[in-house]
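A.B. asks: what's the 3D shape of this:
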Amino acid sequence: MNEVIKEQILSIRESGVTNMFDVNRVQYEANERGFYELVVYLIDHKAKHTHFILTGEVDETK
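C.D. replies: Modelled structure (predicted):
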């Protein structure tokens, strides 16, 4: 997860528009906001997204 993706996740979380564990809705909101890096990231990294939401830590494992 790079800084751009992290900032995009935090932006959606701060808006309060969705439950951050609803990955499909997060992807939808990311697309609506033009956060295309996040849209693509969530396709293959749902577990890393969840880990970040739960802990605030970036999971660097592959």
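A.B. asks: The spatially most central residue of the chain: what's it in contact with?
C.D. replies: By Cα atoms, centre = their mean, the chain has its centre lying nearest to residue 9, at 4.0 Å. Contacts for residue 9 were tallied using Cβ atoms under 8 Å, 6 or more residues apart in numbering; they are 20, 26, 38, 49, 52-53. Placement of C-beta: from N, CA and C, glycine included.
A.B. asks: Could you do residue 19 as well?
C.D. replies: When the contact criterion is Cβ under 8 Å, 6+ apart, the partners of residue 19 are residue 25.
A.B. asks: how far away is it from residue 26?
C.D. replies: Using Cβ to Cβ, to the nearest Å, residue 19 is found at 9 Å from residue 26.
A.B. asks: cool, residue 17 as well?
C.D. replies: Using Cβ to Cβ, which is the criterion applied here, residue 17 is 9 Å from residue 26.
A.B. asks: okay, the two: which has more neighbours?
C.D. replies: residue 26 (25 against 14; other Cβ atoms under 10 Å).
A.B. asks: I'd assumed residue 46 was in contact with the more buried one.
C.D. replies: No. Between residue 26 and residue 46 no contact is recorded; they are 9.6 Å apart, counting by Cβ atoms under 8 Å.
A.B. asks: give me phi/psi at residue 18?
C.D. replies: Torsion angles at residue 18 (phi, psi; degrees, to the nearest 10) stand at phi -150, psi 160.
A.B. asks: What sits closest to it if chain neighbours are left out?
C.D. replies: Closest residue in space to residue 18, ignoring its immediate chain neighbours: residue 25 at 4.3 Å, by Cβ to Cβ, 6 or more residues apart in numbering.
A.B. asks: so how far is the strand or helix carrying the one you found off the chain centroid?
C.D. replies: Taking DSSP states H and E as the criterion, residue 25 maps to helix 23-33. Computed by Cα atoms, centre = their mean, to the nearest Å, the chain-centroid distance of helix 23-33 equals 9 Å.
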